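Asker: Could you work out the structure for the sequence below:
(one chain, ligands or ions: 2)
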Amino acid sequence: MPAAFRAISPFVRTAQASLRQGRLNPFQAALKTQHVSPILNIYRTYAVYDRSKPHVNIGTIGHVDHGKTTLSAAITKRQAEKGLASYLDYGSIDKAPEERKRGITISASHIEYSTENRHYSHVDCPGHADYIKNMITGAANMDGAIIVVAASDGQMPQTREHLLLARQVGVQKIVVFVNKVDAIDDPEMLELVEMEMRELLSTYGFEGDETPVIMGSALMAMNDQKPEIGAQKIDELMKAVDEWIPTPQRDLDKPFLMAVEDVFSISGRGTVVSGRVERGVLKKDSDVEIIGKGHEVIKSKVTDIETFKKSCDESRAGDNSGLLIRGVRREDISRGMVVAVPGTVTAHQTFLCSLYVLSKEEGGRHTGFRENYKPQIFLRTTDEACALTFPEGTEDAAHKVIMPGDNVEMVAHLHHPSAIEVGQRFNIREGGRTVATGLITRILK
Ligand SMILES: Nc1nc2c(ncn2[C@@H]2O[C@H](COP(=O)(O)OP(=O)(O)OP(=O)(O)O)[C@@H](O)[C@H]2O)c(=O)[nH]1
Ligand SMILES: [Mg+2]
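Answerer: Ligands and ions are numbered 1, 2, ... in the order given. Below you'll find the predicted structure:
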């Protein structure tokens, strides 16, 4: 340990004593004293940042007051004890003074920690409209979520809302943390909560039977009490998160996809399609499929690749490329179709999506719209006619009006089948301006 580190404060002396007695290792000692000194901050940074581990974005979601912020703090506490995070107490996660006073989280707070396997960026996510908007528009993203459900709320009238929120923000994989188990005496009650949760997960299109459900108490973990429902459950939770939420693939590692921007024919050579490569790497002489715009799937081979006006052996994510495709006529391909690795993309016509409808101030509509709104939607390089309806079971769908500034979940029916995928974003425009942004959350047909 550096000399400067030794002379700083009583905190350091306490930590050092623990260190000597073998209760803490040097990293943990540094973490314990993180508030004191910039040198310790450097220690802390080293403890947390480990770029060799894969990075994953997650967050806590769930109803107001069910314990999201307490759980977030408890995770950092537990990981800090292992030298894998810097401990943040409740107050430093709920930053705004008015939040602390009222005990309600208003803005999202970013924290980070690691497990043995991965590095996490974690948002303590309030259920507020602003945050949902950020997720829909792509300003924020989550690879998976921990949904916090308080067991003490009896039959959990808000459970549906939690799952709807998770689906709306585009999360595909969830880990459930049933919180406040310390306040429950009846174990049967917990079984009931778990059963109901699994059933609802399936109803909302998540894998209800396989989803990990951990029962514990964030408060007990924070207070170093009852480790069997406190600290140990945080460990179980992080293990489940590590295993259940997949590591996102880098664009370059994904299967090749390019949306067609332009098609032309070069005499003596054939048809060339051009566009910006969205993901993956394509080698010359690879087989591809060209999909979308209501056409049959076209099977072909890319016999030459041109990037920056030079012929090359491959085309990669981010490149603007021209692909010479064999045996396909120019008129069979149109802008908006995608060129992809065979079998990786299919065309669909109906999907569930989350929409953020721009407010008047953001340049959006001045009036609301109802079911059967028929806008043009802009997907990748093309636009497509589409009709929007409310999901099955929506109350009073016929009279519901969506106003500018609203978030809403809707079902989109495309006029032509298009190559679409879960997680893809799109815009709705009217008269040349964007009036809504959408996120595809489930493919329906
Ligand atoms: N008994 C008990 N209470 C808990 C537990 N976890 C959290 N609480 C309490 O529940 C209340 C709400 O906790 P928060 O962590 O602020 O809940 P939240 O979900 O972040 O709330 P918002 O951000 O306002 O939506 C606080 O009074 C916590 O002390 C627990 O495991 N057991
Ligand atoms: Mg909170």
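Asker: Show me which parts of the host helix or strand of Thr69 are buried, residue by residue.
Answerer: Under the criterion of DSSP states H and E, Thr69 resides in helix 68-81. By neighbour count with 16 or more other CB atoms under 10 Å, helix 68-81 contains the buried residues 68-81. In short, each C-beta sits where N, CA and C put it, glycine included.
Asker: ok, now stretch 179-196?
Answerer: Here stretch 179-196 shows 179-182, 184, 193-194 as buried, counting by 16+ other CB under 10 Å.
Asker: Out of the residues you listed, just show me the ones up against ligand 1, please.
Answerer: 179-180, 182 (CB under 6 Å from any ligand atom).
Asker: coming back round to it: closest one of the buried residues of stretch 179-196 to ligand 1?
Answerer: Lys180 (3.8 Å; CB to the nearest ligand atom).
Asker: Does that closest one touch Gly216 like I think?
Answerer: No: counting by CB atoms under 8 Å, Lys180 stays clear of Gly216, with 9.1 Å between them.
Asker: quick revisit: CSV for the ones next to ligand 1 among the buried residues of stretch 179-196, including secondary structure, pLDDT and distance to ligand 2?
Answerer: As requested, those are arranged in CSV below (DSSP: H, G, I helix; E, B strand; the rest coil; pLDDT from 0 to 100; distance: CB to the ion, whole Å):
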residue, secondary structure, pLDDT, distance to ligand 2
Asn179, strand, 94, 12
Lys180, coil, 94, 14
Asp182, helix, 94, 18
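Asker: Bridging across strands, which residues link to the closest residue to Met197 other than its chain neighbours?
Answerer: Spatially, and ignoring its direct neighbours in sequence, Met197 is nearest to Val176 (5.6 Å; CB to CB, 6 or more residues apart in numbering). Bridge pairing for Val176 (DSSP bridges) gives the partners Ile147, Val213.
Asker: count of residues packed around Val176?
Answerer: As a burial measure, Val176 scores 29 neighbours (other CB atoms under 10 Å).
Asker: now it: how far from ligand 1?
Answerer: 14 Å (CB to the nearest ligand atom, to the nearest Å).
Asker: residues in contact with that residue?
Answerer: By CB atoms under 8 Å, 6 or more residues apart in numbering, the contact set of Val176 is 146-147, 149, 197, 201, 211-214.
Asker: Show me where the stretch 151-300 of the chain has its strands.
Answerer: Ranges of strands in the stretch 151-300 of the chain, per DSSP state E, counting those that start in this stretch, are 174-179, 213-215, 257-259, 262-266, 270-279, 281-283, 287-291, 298-307.
Asker: how about the CA coordinates for the first one, as CSV?
Answerer: It stands for strand 174-179. What follows is strand 174-179, C-alpha atoms only, in CSV (Å, rounded to 0.1, in the frame of the first residue of the first chain):
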residue,chain,number,x,y,z
ILE,A,174,-36.0,-10.9,-16.7
VAL,A,175,-34.8,-12.1,-13.3
VAL,A,176,-37.5,-11.8,-10.6
PHE,A,177,-36.5,-10.7,-7.1
VAL,A,178,-39.4,-11.1,-4.7
ASN,A,179,-38.5,-8.6,-2.0
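Asker: Which residue of the chain lies farthest from its centroid?
Answerer: The C-alpha centroid of the chain is most remote from Gly268, which lies 47.1 Å away (CA atoms, centre = their mean).
Asker: quick one: low-confidence ranges for the stretch 51-200 of the chain?
Answerer: Along the stretch 51-200 of the chain, the model assigns pLDDT under 70 to residues 51, 95-108, 126-131, 139, 154-159.
Asker: so where do the helices sit in it?
Answerer: All helices of the stretch 51-200 of the chain, identified by DSSP state H, counting those that start in this stretch, fall at 68-81, 90-93, 97-102, 129-137, 159-168, 187-203.
Asker: Contact residues of the stretch 201-350 of the chain facing ligand 1?
Answerer: 217-219.
Asker: circling back to that earlier point, of the strands of the stretch 151-300 of the chain, flag the one that's most buried.
Answerer: strand 174-179 (a mean of 27; mean count of other CB atoms under 10 Å).
Asker: what angle sits between that strand and helix 159-168?
Answerer: Counting by axes from the mean of the first three to the mean of the last three CA atoms, to 10 degrees, strand 174-179 lies at 150 degrees to helix 159-168.
Asker: How far away from the center of its chain is strand 174-179?
Answerer: 16 Å (CA atoms, centre = their mean, to the nearest Å).
Asker: now stretch 81-94
Answerer: 22 Å.
Asker: Can you give me the end-to-end span of that stretch?
Answerer: By CA to CA, to the nearest Å, the extent of stretch 81-94 from end to end equals 21 Å.
Asker: and Glu116, how many neighbours does it have?
Answerer: 10.
Asker: What backbone torsions are found at it?
Answerer: Note on Glu116: backbone dihedrals following degrees, to the nearest 10 are phi -60, psi -30.
Asker: for it, what are its contacts?
Answerer: Leu84.
Asker: any idea how far the one residue sitting closest to the centre of the chain lies from ligand 1?
Answerer: Residue closest to the average C-alpha location in the chain (CA atoms, centre = their mean): Met142, at 2.0 Å. Going from Met142 to ligand 1 by CB to the nearest ligand atom gives 16 Å.
Asker: Begin at 753, not 1, for the rest of this chat.
Answerer: Sure, I'll start counting at 753 from here, so that last one is Met894.
Asker: From what I see, that residue and Gly922 are in contact.
Answerer: Yes: using CB under 8 Å, Met894 makes contact with Gly922 at a distance of 7.5 Å.
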